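Participant: quick one, fold the following:
(one chain, ligands or ions: 2)
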Amino acid sequence: MAIRGSVETSLAELAARVRRRADGHSGRFLLGIAGPPGAGKSTLARGIRDELNLAAGASIAEVAPMDGFHLTNAQLRAAGFLDRKGEPDTFDIDGYVARLRTVRETEPGTPVSWPTYDREIHEPVPGGIVFDRQSIVVTEGNYLLLDDRAHPAWAAVRPLLDETWYLDVPRPIIEQRLLRRHIRGGRTLEAARTKVAHSDLRNAALVESTRTRADLVLRKAGRRYRID
Ligand SMILES: Nc1ncnc2c1ncn2[C@@H]1O[C@H](COP(=O)(O)OP(=O)(O)O)[C@@H](O)[C@H]1O
Ligand SMILES: [Mg+2]
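Facilitator: Ligands and ions are numbered 1, 2, ... in the order given. Okay, here's the model as predicted:
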């Protein structure tokens, strides 16, 4: 009989699961964490990295944020996309796919740089991270599981990942977190509300449609995570 319901797990147990899979894998292991904006992907990715490194007593894992591939504000302005920043076509998708492939195919020990995104200057920062001896890559972002006709280039991401998780969070929580993030980033309350309503929640709906493609769906349950 099929077992229904969900299983509770901790960050340490999730990291141990990644370690087991990575150990049985030849070459670098790529874990992808997808989910809507504000779900806590970056936080979860850093948590998994830190648990992996702590348990190993060495730097075996590092985070590779999709956000590092935001187009620059100058590029967005030139294309007339600045007010749509964060939508699927406001990223350098080909650059992201190419760098995932490079980090996947490069032997640990040979440095590969990775861009980050700075939430104070609102711009990508080239070379913010460097992969060196790490054998586990945790890449995280909204559109890792996107596979539709409107955004065909994103479909190249999933085949490069060894495992994918989807982090699910109720809409009202996401809205609160995004409002706070935008205000912290310098917007007025009114401007933050507009950005959430007109941009973030539309992106969130698109991302939610990709949940069924994940290997694992996670929800936060207090200090633990529930696997659905
Ligand atoms: N598990 C959590 N519980 C409470 N707050 C969280 C949790 N994960 C993330 N947050 C908060 O929510 C906000 C968004 O988290 P972040 O990891 O940046 O999300 P994402 O990368 O999915 O956009 C941050 O302010 C973060 O501190
Ligand atoms: Mg993030």
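Participant: now stretch 157-170: average pLDDT?
Facilitator: The average pLDDT for stretch 157-170 rounds to 97.
Participant: endpoints of that stretch, how far apart?
Facilitator: End-to-end span of stretch 157-170 (C-alpha to C-alpha, to the nearest Å): 25 Å.
Participant: for Ser135, give me its contacts.
Facilitator: By C-beta atoms under 8 Å, 6 or more residues apart in numbering, the residues touching Ser135 are Ala22, Arg28, Phe29, Ile60, Ala61, Pro108. From N, CA and C alone the C-beta is placed, and that goes for glycine too.
Participant: residues from the protein in reach of ligand 1?
Facilitator: Applying C-beta under 6 Å from any ligand atom, we find that the chain lies next to ligand 1 at Gly35, Pro37, Gly38, Ala39, Gly40, Lys41, Ser42, Thr43, Arg177, Lys220.
Participant: let me know the secondary structure of the last one.
Facilitator: On the three-state scheme (DSSP: H, G, I helix; E, B strand; the rest coil), Lys220 is labelled strand.
Participant: bridging residues for it?
Facilitator: Tyr225 (DSSP bridges).
Participant: burial measure for it, as a count.
Facilitator: 17 (other C-beta atoms under 10 Å).
Participant: check the fifth one too.
Facilitator: Neighbourhood size, Gly40 [other C-beta under 10 Å]: 19.
Participant: my understanding was that it contacts Tyr166; is that so?
Facilitator: No: at 11.8 Å, Gly40 does not count as touching Tyr166 under the criterion of C-beta atoms under 8 Å.
Participant: give the contact list for the residue nearest to Glu208 when sequence neighbours are not counted.
Facilitator: Closest residue to Glu208 apart from its sequence neighbours, by C-beta to C-beta, 6 or more residues apart in numbering: Pro36 at 6.2 Å. Residues near Pro36 by C-beta under 8 Å, 6+ apart: Asn142, Val169, Ile174, Asn203, Ala204, Val207, Glu208.
Participant: excluding chain neighbours, give the residue nearest to the fifth one in space.
Facilitator: In space, and not counting its chain neighbours, Ala204 is closest to Pro36: 3.7 Å by C-beta to C-beta, 6+ apart.
Participant: Three-state assignment for that neighbour, please.
Facilitator: coil.
Participant: just Val207 next, same as before
Facilitator: Strictly by three-state DSSP, Val207 counts as helix.
Participant: Gly38 is in contact with that one, correct?
Facilitator: No: taking contacts as C-beta under 8 Å, Val207 lies outside contact range of Gly38: 10.6 Å.
Participant: which residues touch the host helix or strand of Val217?
Facilitator: Per DSSP states H and E, Val217 falls inside strand 216-221. Residues external to strand 216-221 that are found in contact with it (C-beta under 8 Å, 6+ apart): 6, 8, 14, 40, 44, 163-169, 211, 225-228.
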